[in-house]
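K.L.:
Sequence first, predicted coordinates after that:
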Amino acid sequence: SAESGGRIYGRRTPRFNRVLKSTYKTAASVVINGKGPLREYYDYLISKGNTEYNARHSIARYIAKLSLGIIKGEMRYKPYLWRKKKQKEDSNDNKEGVIETKRIDK
């Protein structure tokens, strides 16, 4: 620990799981280098003016949201849902989420 100005500073503990973070960022890199709906979403984010690293992080967050929803059993994967939301935003100028969650029976 270090001391400065009478305050004692210890080592900060991270507020994330390093393994999960690495997994989702790796998954985002794989998706970006391939073809498919998430690659198209990445291209859309870039065309919207996002930087490459922000678009890459957005894809990683999107994959995390998808996987959590699927694991919890609350949603099914809908590959081009972002495109429908984008069209709705363009027509309504509304800021909605990209993922649609709906309870499914097991």
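P.N.:
Perfect, thanks for sending it.
K.L.:
Leaving out sequence neighbours, find the closest residue to residue 52.
P.N.:
Leaving aside its sequence neighbours, residue 52 sits nearest to residue 46 (Cβ to Cβ, 6 or more residues apart in numbering; 6.9 Å). Where C-beta positions appear, they are placed from N, C-alpha and C, glycine not excepted.
K.L.:
In the chain, where is pLDDT below threshold?
P.N.:
Within the chain, the stretches with pLDDT under 70 are 1, 90, 92-106.
K.L.:
Break down it into its strands, ranges please.
P.N.:
2-4, 7-9 (DSSP state E).
K.L.:
Any chance of CSV for the ones you listed, columns distance to residue 81 and mean neighbour count?
P.N.:
As requested, the strands of the chain are exported to CSV (distance: least, Cβ to Cβ, whole Å; neighbours: other Cβ atoms under 10 Å):
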stretch, distance to residue 81, mean neighbour count
strand 2-4, 48, 8
strand 7-9, 45, 8
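K.L.:
Reformat these as a markdown table; add distance to residue 19.
P.N.:
Shown next, in a markdown table, are those (distance: least, Cβ to Cβ, whole Å):
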| stretch | distance to residue 19 |
| --- | --- |
| strand 2-4 | 28 |
| strand 7-9 | 27 |
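K.L.:
out of those strands, which comes closest to residue 62?
P.N.:
strand 7-9 (35.4 Å; Cβ to Cβ).
K.L.:
Name the strands paired with that closest one and say parallel or antiparallel.
P.N.:
strand 2-4 (antiparallel) (DSSP bridges).
K.L.:
Would you mind listing the buried residues in stretch 79-93?
P.N.:
Residues of stretch 79-93 classed as buried by neighbour count (16 or more other Cβ atoms under 10 Å): 81-82, 85-86.
K.L.:
and if you look at stretch 61-75?
P.N.:
62-64, 66, 69, 75.
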